[in-house]
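K.L.:
for reference, the sequence and a predicted model appear below.
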Amino acid sequence: MPRYELQPTARLMLMAFRRFEDYLSEQLHARGFTNVKPSHFNILRHLNPEGMRQVDLARDAGITKQAVGKMVGELIEEGFISIEDDVTDRRAKKVVYTETGLDLVRQSVQIVKALEIKFSEILGIESYANLRTGLVQIMEYFSEEDEE
């Protein structure tokens, strides 16, 4: 029996997600983004294309402002993001993608699209569609719980 069959569903989802992030990192490294790490993805996946304040980024990423500050510092150092004045509030600053960061996002989207096609091939179109539908239903269930 394969080692995964006895795992709880939530753990399988987490394991698959972690492997997905590792794969994405490997593919980005192969495309020249050798300084991006899976730990950076929690910030990069939550950063809006128009930029956002660090406090909002912390809320969306589900991590502390201090953790966001540390990761933002690393990502600035690597050239993926920068800090600029927030035109809607002169007292505030916001985190924005650099051109290198935007290229990283474009490359990531291409990799993810190709991987989703592969998932569809592995599972079959109908099973893959059912998987996506089921995951959406699970997220809607938890969203309803949050609203109560």
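P.N.:
In hand now; what should we look at?

K.L.:
which SSE is immediately downstream of the helix or strand harbouring Ala92?
P.N.:
Here Ala92, judged by DSSP states H and E, is contained in strand 89-97. Next along the chain after strand 89-97, taking DSSP H and E as the criterion, comes helix 99-123.

K.L.:
who's in contact with Gly51?
P.N.:
Contacts for Gly51 (Cβ atoms under 8 Å, 6 or more residues apart in numbering) come out as 84, 86, 94-97. (C-beta placed from N, C-alpha, C; glycine too.)

K.L.:
please report phi then psi for it.
P.N.:
Note on Gly51: its backbone torsions stand at phi 90, psi 170 [degrees, to the nearest 10].

K.L.:
on that earlier part again, highest neighbour count among the contacts of Gly51?
P.N.:
Val95 (25 neighbours; other Cβ atoms under 10 Å).

K.L.:
got the contact list for that one?
P.N.:
Counting by Cβ under 8 Å, 6+ apart, Val95 touches 47, 51-54, 57, 72, 81-83.

K.L.:
how far away is the residue most central in space within the chain from Leu6?
P.N.:
Centroid check for the chain by Cα atoms, centre = their mean gives Arg45 as the closest residue, at 3.3 Å. From Arg45 across to Leu6, the span is 30 Å (Cβ to Cβ, to the nearest Å).

K.L.:
repeat that for Ile125.
P.N.:
Taken as Cβ to Cβ, the span from Ile125 to Leu6 is 28 Å.

K.L.:
and the two most separated of the contacts of Gly51?
P.N.:
The largest separation in the contacts of Gly51, counting by Cβ to Cβ, is between Asp86 and Tyr97 at 14.9 Å.
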